[in-house]
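Chemist: A structural model of the following input is requested.
(one chain, ligands or ions: 1)
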Amino acid sequence: MSSLPASAPSPDGTILAIRGLHKTYPGGFQALKNVNLDIRRGEIFALLGPNGAGKTTLIGTVCGLTLPTSGTIHAAGFDIVHDYRQARAAIGLVPQELHTDAFETVWATVSFSRGLFGQAPKPALIEKILKDLSLWDKKDNKIMTLSGGMKRRVLIAKALSHEPQILFLDEPSAGVDVELRHDMWRLVRELREAGTTIILTTHYIEEAEDMADRIGVIRKGELIVVEDKTTLMRQLGRKELALSLPQPLAAVPDALSRWPLTLAPDGLTLTYTFDAHQEDTGIAELLAALGAQGIAFKDLRSSESSLEDIFVSLVHEQKAGA
Ligand SMILES: Nc1ncnc2c1ncn2[C@@H]1O[C@H](COP(=O)(O)OP(=O)(O)OP(=O)(O)O)[C@@H](O)[C@H]1O
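Modeler: Sure thing, here's the model as predicted:
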């Protein structure tokens with residue numbers, strides 16, 4: 001186990017507590033607005049948000065890379081400003097890009113990372129991490145000779161080298177191949193089973209759906225939703241069925257008004273949106289009703305709601321609720 005200093009007890013199982021966090025960059029841009037978030041020990045939390053929403057700023061602030069303008073953050077019971085070293089020692093960060101010495105070997109780089117946190121050398125642990133990440137046969141290779149995927153693995157190994165209680169993965173799937181993604185998720189699950197708390201950012205709803213226990217959605221610096229994954233997917237998971245028509249329709253016939261249908265401006269695509277989690281999707285009745293109306297279709301495609309759709313619906317809900 002970790003030789004981290006003992007942290008203050010958290011009776012409610014909270015490992016990371018963010019309170020009233022604001023971040024305004026020197027130019028005056030407000031990147032985080034009153035963020036409040038409790039992360040539970042041992043959970044996998046996915047932070048979703050469009051480009052520029054503030055995900056990296058939030059991670060960077062928790063990891064001490066940038067200072068909060070106001071508000072507090074406690075990691076494993078330690079204040080990230082006043083008890084910086086202890087708080088930082090509790091956290092591992094896998095950033096999006098590798099900024100490390102290209103001339104060092106994999107082994108040296110990963111071992112050095114552990115030393116940065118004042119931890120005594122533990123070669124058996126470094127060996128296990130490198131083996132878990134399929135990097136063992138590359139341990140004597142210089143970083144600059146590695147492929148992009150291998151460099152990514154080194155980043156993960158570095159972040160794990162000091163046995164953090166909380167692991168941040170910033171866009172772990174961006175630009176990685178299927179094999180690495182697979183290895184990464186296996187490792188994440190193993191880490192969670194061993195008690196590590198995982199916080200990841202992603203643009204992919206499938207990834208959040210696969211991995212996360214809870215999901216937070218950030219938009220323009222505001223955390224607009226924090227919800228158990230199953231609840232969120234039930235509320236927001238939608239599917240679309242797009243029917244390509246051989247002849248344009250001028251309008252959706254009244255006889256079809258009981259189905260939520262939209263007609264493309266050119267009249268050639270009819271789209272049906274339905275709840276993906278309902279047993280009866282209503283598709284069979286819809287197709288029968290189209291037949292009864294003499295509306296033929298030449299092609300039919302279904303798609304799941306993308307994260308973008310979910311954002312749009314969240315934003316609409318916010319406006320409606322405002
Ligand atoms: N050092 C900085 N100075 C000024 N503005 C910044 C700085 N860093 C980030 N920003 C701005 O803060 C906002 C949030 O950026 P951030 O990188 O946190 O978003 P993100 O959600 O991680 O986006 P992406 O998904 O594109 O990585 C953006 O509008 C960005 O331009």
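Chemist: what's the straight distance from one end of stretch 134-146 to the other?
Modeler: Using C-alpha to C-alpha, to the nearest Å, the end-to-end distance of stretch 134-146 comes out at 13 Å.
Chemist: Give me the contacts around that stretch.
Modeler: Applying C-beta atoms under 8 Å, 6 or more residues apart in numbering, the contact partners of stretch 134-146 are 98, 100-107, 109, 127, 130, 150-151, 153-154, 157, 183. (Each C-beta comes from the backbone N, C-alpha and C, glycine too.)
Chemist: out of these, which are inside helices?
Modeler: The helices, defined by DSSP state H, take in V106, W107, T109, E127, L130, M150, K151, R153, V154, A157, D183 from the contacts of stretch 134-146.
Chemist: Quick one: neighbours of the last one, just the number.
Modeler: I take that to be D183. By other C-beta atoms under 10 Å, the residues close to D183 number 18.
Chemist: any idea how far it is from V154?
Modeler: 13 Å (C-beta to C-beta, to the nearest Å).
Chemist: on that earlier part again, show me which of the contacts of stretch 134-146 are buried.
Modeler: 100, 104-107, 109, 130, 150-151, 153-154, 157, 183 (16 or more other C-beta atoms under 10 Å).
Chemist: now for the residues you listed, which pair is the farthest apart?
Modeler: E104 and D183 (22.6 Å; C-beta to C-beta).
Chemist: which parts of the chain sit against the ligand?
Modeler: Y25, G27, F29, A31, G49, N51, G52, A53, G54, K55, T56, T57 (C-beta under 6 Å from any ligand atom).
Chemist: Please repeat the previous calculation with a cut-off of 8 Å.
Modeler: 25-27, 29, 31, 49-60, 66, 96, 170-171, 201, 203, 218, 221 (C-beta under 8 Å from any ligand atom).
Chemist: what about the strands in the stretch 101-250 of the chain?
Modeler: 166-170, 197-202, 214-219, 222-228, 238-244 (DSSP state E, counting those that start in this stretch).
Chemist: which one of those lies closest to I15?
Modeler: Closest to I15 of those is strand 197-202 (C-beta to C-beta; 5.0 Å).
Chemist: which secondary structure elements does that closest one contact?
Modeler: strand 14-24, strand 30-40, strand 44-48, helix 55-62, strand 166-170, helix 178-193, helix 205-211 (3 or more C-beta pairs under 8 Å, 6 or more residues apart in numbering; DSSP states H and E).
Chemist: and with 6 Å instead?
Modeler: Judged by 3 or more C-beta pairs under 6 Å, 6 or more residues apart in numbering; DSSP states H and E, strand 197-202 is in contact with strand 44-48, strand 166-170.
Chemist: To G291, which of these lies closest?
Modeler: strand 44-48 (39.8 Å).
Chemist: Give me the residues contacting that closest one.
Modeler: 39, 55, 192, 198-202, 208, 211-217 (C-beta atoms under 6 Å, 6 or more residues apart in numbering).
Chemist: Select only the buried ones of those residues in ChimeraX?
Modeler: Those of those that count as buried under 16+ other C-beta under 10 Å are selected in ChimeraX with:
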select :39,55,192,198,199,200,201,202,208,211,212,214,215,216,217
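Chemist: Can you tell me which of the contacts of strand 44-48 is nearest the ligand?
Modeler: Closest to the ligand out of the contacts of strand 44-48 is K55 (3.5 Å), distances taken as C-beta to the nearest ligand atom.
Chemist: right, and that closest one touches G49 too?
Modeler: Yes. Counting by C-beta atoms under 6 Å, K55 touches G49, with 5.1 Å between them.
Chemist: anything in contact with each of the two?
Modeler: What both K55 and G49 touch, as defined by C-beta under 6 Å, 6+ apart, is the set I218.
Chemist: Quick check: end-to-end length of stretch 131-145?
Modeler: Separation of the first and last residues of stretch 131-145 by C-alpha to C-alpha is 19 Å.
Chemist: what bits of the stretch 151-300 of the chain have low per-residue confidence?
Modeler: 233-237, 276-277 (pLDDT under 70).
Chemist: I'd say L167 and G92 touch.
Modeler: Yes. L167 is within contact range of G92, at 4.5 Å (criterion: C-beta under 6 Å).
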